[in-house]
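K.L.:
Just to be clear, the model below is a prediction. Sequence and coordinates:
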Amino acid sequence: LESDRNQPIAIEADQGSLDQKNQVTTFSGNVIIKQGSLNIRAANVRVSQDKSGNQTMNAEGNPVKFGQQLENKGYVEGQGTRVEYASATGLVKLSGNAKVQRGGDVAVGDVITYNMRTEVYTVLGGNVTGAKKGGRVSVIIQPTTVNKNKK
Amino acid sequence: MNRFRNLLFPLALALILGGLSAWLERVSEVSVEEVKLDPTKPQYSLQTLHGKRFDEQGWLKEQITADSAWQLPDQKEVFLDNAQLKIHEKGTEQYTVASHQARYHLDNKTAILQNEVVLTAPESASRPAAQVKTDHLLVHTQAQTAQTDAPVEFTYGKSHGSANGLFYDHKSGKLDLPSNVKAIIYDFKHKN
């Protein structure tokens, strides 16, 4: 939800550390993060903040899982062994067996980039740097009529 | 409080004065016998302690207040009741530590604080006010570190949370929470 960004972030973890000088906060061990309707579960999360207050979050896990309520379009869930989020751009990048699902629509690939503002996601197959021949991308989009019946 | 010179000064003064008067009293007597003091009773005690220490440029560096302070015979620890220690840098307050009981080891330069320990750091241009509450805290005054294994509650601006245990290194600005961390984080910039 658009309002998620203005909500406080609730975090639970086994360990935590705050580096005031570099404005880096690290949480590790059963990390659960909630902000409004957004929720993330990961093994490790590192949140850094630049001078203008923009936050970057890097989460790792097996896999990292996240979910978020969309503005009147249902609920989106995603996972990947690595999730990167930048508040300045609103972009969430899932990599490592990335998968995003919303209702009956499913996208699977090596890297999936999800724009929280436009709610558009881009699926890339294979290694983005092109070092190895690309893997396949799989996207299943349910016909709108079927979607209407499902809601 | 690298060295509690301000604290030592009154203690040393008390010792010297005590020793001097004892010496003057005894100078006319032939033999001087050493009186073994009761180890359980303070050798001296001070009420309503106020101490300040300044750095080489004359800036206020450390400030200590306590309801009372005492030292047992032949012991290296000074006991303080309701003590509060303020650390300043170039006259600006860096942090304050307070508790109902405290023991300061003159050699190790460590302070053990017990019973409602509160560590506060005022807001500065780069960070919001911060506060940590716990039951007991070990402060290494020279290394400027503080640590406990007791449950802690902390606030950092509007953000707040809790954990079991804490290690804070003031020089590096790092705070480690070793277990059971729960936090609600507000964005300091947006002040929502």
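P.N.:
All right, it came through fine.
K.L.:
For chain A, which segments count as helices?
P.N.:
With helices called from DSSP state H, chain A shows them at A:144-150.
K.L.:
again, but for chain B
P.N.:
For chain B, the helices defined by DSSP H occupy B:5-27.
K.L.:
Give me the most central residue, chain A.
P.N.:
residue A:92 (4.7 Å; Cα atoms, centre = their mean).
K.L.:
measure that residue to chain B for me?
P.N.:
From residue A:92 across to chain B, the span is 18 Å (Cβ to the nearest Cβ, to the nearest Å). Where C-beta positions appear, they are placed from N, C-alpha and C, glycine not excepted.
K.L.:
Can you name the residues of chain A sitting close to chain B?
P.N.:
A:6-21, A:25, A:27, A:52-53, A:55 (Cβ under 8 Å from any Cβ of the partner chain).
K.L.:
and the residues you listed, which are buried?
P.N.:
Listed as buried from those are A:7-20, A:25, A:27, A:55; burial here means 16 or more other Cβ atoms under 10 Å in any protein chain shown.
K.L.:
quick one: which of those sit in strands?
P.N.:
Of these, the ones assigned to strands by DSSP state E are A:9-13, A:15-19, A:25, A:27, A:55.
K.L.:
Would you mind listing the residues in contact with residue 65?
P.N.:
Going with chain A. Shown in contact with residue A:65 (Cβ atoms under 8 Å, 6 or more residues apart in numbering or on different chains): A:40-42, A:77-79.
K.L.:
oops, chain B please
P.N.:
B:49-51, B:83-84.
K.L.:
Can you pull out the low-pLDDT segments for chain A?
P.N.:
Chain A contains residues with pLDDT under 70 at A:1-2, A:126-136, A:140-151.
K.L.:
Tell me the predicted confidence for the residue nearest the centre of chain B.
P.N.:
Most central in chain B under Cα atoms, centre = their mean is residue B:85, positioned 4.9 Å from the mean C-alpha point. On pLDDT, residue B:85 comes in at 87.
K.L.:
what is it paired to in the beta sheet?
P.N.:
residue B:64, residue B:97 (DSSP bridges).
K.L.:
and it, how far is that from residue A:121?
P.N.:
As judged by Cβ to Cβ, to the nearest Å, residue B:85 and residue A:121 stand 54 Å apart.
K.L.:
Next: residue B:99.
P.N.:
According to Cβ to Cβ, residue B:99 stands 53 Å off from residue A:121.
K.L.:
Comparing those two, which residue is more hemmed in?
P.N.:
A direct count of neighbours by other Cβ atoms under 10 Å in any protein chain shown for residue B:99 and residue A:121 places residue B:99 higher, at 25 against 21.
K.L.:
Now do the same contact list for that one.
P.N.:
Contacts of residue B:99 (Cβ under 8 Å, 6+ apart): B:83, B:113-118, B:137.
K.L.:
Quick one: residues contacting the closest residue to it other than its chain neighbours.
P.N.:
The shortest distance from residue B:99 to any non-neighbouring residue, by Cβ to Cβ, 6 or more residues apart in numbering or on different chains, is to residue B:113 (3.8 Å). Counting by Cβ under 8 Å, 6+ apart, residue B:113 makes contact with B:83, B:97-99, B:101-102, B:136-139.
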